[in-house]
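1. Here is my input; please provide its structure:
(2 chains)
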Amino acid sequence: MSGFGGYILEGIDFQLFTAQQEAELADYFARESGARPNDFTPSNPSVVNTVNVAIAPPIPTAGNLQPTIEYAQAIATESVAEFGVQETPLVVTLLETLDDAGDLAGYLIRKIPAFWFSGIQIIMNGLTDAQRTTINSLDIGSQLSVTKSFPNSTPSTVTQIMALEGISHDITPDRHIVTLYPNPSRIYTHFILDTDKLSDETKGLA
Amino acid sequence: MAVSIPNCGTYTVELDFGATTNAFVLDSALAGVLDSPDYFIEGTTDFQDVTDYVKQVSINRGRQNRFRDPTGQPSTAVLQIEDSDYSFSLVNEGSPYWNTAKNRLGFELNSAVRISRNGTYLFTGVITQYSQQIENPNRSLVTINCSDGLFELNNTKIADGAVTPERSDVRIDKVLSSVGAFGRPNQRVLETGVANLGSAPIDASSSVLEYILRVHNSEQGRVWVDGAGNFHFDRRLLGELQAIDGYLSDAAGTAIPYTTFDIVSN
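-> Presented below is the predicted three-dimensional model:
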């Protein structure tokens, strides 16, 4: 994709713009970490259906003291219809082209609310040596399968495949408690015939 | 010495008090020989095993919610020390950890810290805060706050200059090299980035960490430091196959059991 215009991919509409705002977030403009809107943090993170990703404007010159910002916008139209516009602020990235900005904008879309298992507490004292070794080897980015049974729920067992984003240890002279913070991931696991569903987006073929 | 926790493993907490085991010493007949294979300019840190004094260790690494928490925040560790013999006291010149060259306690800001279980490091970083509390008549409690290498990047200014279009991981590698950070062999684990970065010049007024997070803002993967102190840059995941590293379940069987958990809705 090049130039200005737009296209639709999997329900996400991409458009490229030249913003009217001043280049107030250009890379050469310094702000302390706390004040810099350095993340695509929307006011409501449950659903993000409109994402704005800009590329750094050129450095001001004598003939162009206020360069405009060019940015790409991804819109999930079905999500907007269901939840209203849930938009990220315009964030100036270091990306090279508007095509790159469009790719990132599409990546950041979250069309529907999600839920996942987290804050999983494990008491190391109660594990086997092999299990303790497994826990000890886990680190950020590790992939976990977490299964929980629910007595009054359908289905009665839910398994989630997630990536580990955070880990904490509380160690005292008599115990070691590990808490895992996995998050939804875009990692696939192998599709198993007669077990997995064709529509399962977490399964893939090698 | 290392401490065994029943049914858990062997744990070690080590602190650097400013001494080295094999540093080059000018004019020394033994340690001052050029090209010596045994003595080096900076030497090897003489870590002190202080596990026997430790009452509690709390370590937090990474983030809890990737939709809410930014990546690239320094990991933290908090050590609670029962200073039964005043070895950790800031006023005890007789402490075995007293640094005679500096004439103060060797444990101080930026002293290295390592915490391990069965030889695998759970945390590697530096002291960021050291406080001693006295409960009358003479009980000494010491709290040591620590952060990993990302903390140091936050306190390091980046050099300004022009850059050329390149992938995100290449840019991060150059930035880390420019300040000599994470420079040991294999200390940088950089995945091939998805993001192609442009030529917007680097702003010299920002910290190295701040600029790396700007790079990450274009990538949307992860920036983190592992338990052994190695820097990691993970790329944006567009969907790929990966083996499962651990199976957890509340049902009986070989899967790892857990006690509590939350269902998080973003």
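
2. all contacts plus neighbour counts: C-alpha atoms, from now on.
-> Noted.

3. Partner strands of the strand ranked longest in chain A and their direction?
-> The single longest strand within chain A, with elements called by DSSP state E, is strand A:157-172. Each strand that pairs with strand A:157-172, with its direction, by DSSP bridges: strand A:143-149 (antiparallel), strand A:175-184 (antiparallel), strand B:54-62 (antiparallel).

4. any idea which element B:Tyr258 lies in?
-> In this structure, B:Tyr258 sits in neither a helix nor a strand according to DSSP states H and E.

5. That one reaches B:Ala252, doesn't it?
-> No. Applying CA atoms under 8 Å as the test, B:Tyr258 and B:Ala252 come out as separate, 10.9 Å apart.

6. Give me the more crowded residue out of these two.
-> Looking at B:Tyr258 and B:Ala252 with other CA atoms under 10 Å in any protein chain shown, you find the greater number of neighbours at B:Tyr258, namely 21 against 8.

7. Report the contact partners of the more buried one.
-> Residues near B:Tyr258 by CA atoms under 8 Å, 6 or more residues apart in numbering or on different chains: A:120-123, B:248-250.

8. Need these in JSON lines (columns: pLDDT and distance to B:Lys157).
-> As requested, the contacts of B:Tyr258 are arranged in JSON lines below (pLDDT from 0 to 100; distance: CA to CA, whole Å):
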{"residue": "A:Ile120", "pLDDT": "95", "distance to B:Lys157": "38"}
{"residue": "A:Gln121", "pLDDT": "96", "distance to B:Lys157": "38"}
{"residue": "A:Ile122", "pLDDT": "96", "distance to B:Lys157": "40"}
{"residue": "A:Ile123", "pLDDT": "96", "distance to B:Lys157": "41"}
{"residue": "B:Leu248", "pLDDT": "95", "distance to B:Lys157": "43"}
{"residue": "B:Ser249", "pLDDT": "94", "distance to B:Lys157": "46"}
{"residue": "B:Asp250", "pLDDT": "90", "distance to B:Lys157": "48"}
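
9. Of those - the most surrounded one?
-> When neighbours are counted by other CA under 10 Å, A:Ile122 leads those with 23 neighbours.

10. quick one, helices of chain B?
-> B:149-154, B:168-178, B:208-219 (DSSP state H).

11. Pick the most buried one from the strands paired with strand A:157-172.
-> Per residue and on average, the most neighbours among those fall to strand A:175-184, with a mean of 23 (mean count of other CA atoms under 10 Å in any protein chain shown).

12. State the mean pLDDT of that one.
-> If you average the pLDDT over strand A:175-184, you get 93.

13. any residues touching it, and which ones?
-> A:116-125, A:144, A:161-171, B:5-6, B:8, B:63-66.

14. same thing with stretch B:186-202?
-> A:27-28, A:56-58, A:94-97, A:100, B:159-169, B:173, B:182, B:211, B:215, B:218-219, B:229-236.

15. Got a quick ChimeraX command for the buried subset of those?
-> A single ChimeraX command suffices to select whichever of the contacts of stretch B:186-202 are buried according to 16 or more other CA atoms under 10 Å in any protein chain shown:
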select /A:27,28,56,57,58,94,95,96,97,100 /B:166,167,168,169,173,182,211,215,218,219,229,230,231,232,233,234,235,236
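
16. So in that sheet, which strands flank the longest strand belonging to chain B, and in what orientation?
-> As far as residue count goes, and with DSSP E defining each element, the longest strand of chain B is strand B:120-135. According to DSSP bridges, strand B:120-135 has the following sheet partners: strand B:112-117 (antiparallel), strand B:139-147 (antiparallel).

17. For B:Ser89, which of those strands is the nearest?
-> Distances from B:Ser89 to each of the strands paired with strand B:120-135 were compared using CA to CA; the shortest belongs to strand B:139-147, at 7.8 Å.

18. ok so, going back, for the longest strand of chain A, buried residues please.
-> Neighbour counts using 16+ other CA under 10 Å place A:160-171 of strand A:157-172 among the buried residues.

19. With stretch B:243-259 instead?
-> For stretch B:243-259, the buried set under the neighbour-count rule, 16+ other CA under 10 Å, comprises B:244-250, B:255-258.

20. residues in contact with the longest strand of chain A?
-> Outside strand A:157-172, the residues touching it (CA under 8 Å, 6+ apart) are A:116-117, A:139-150, A:176-185, A:187, A:202, B:55-66.
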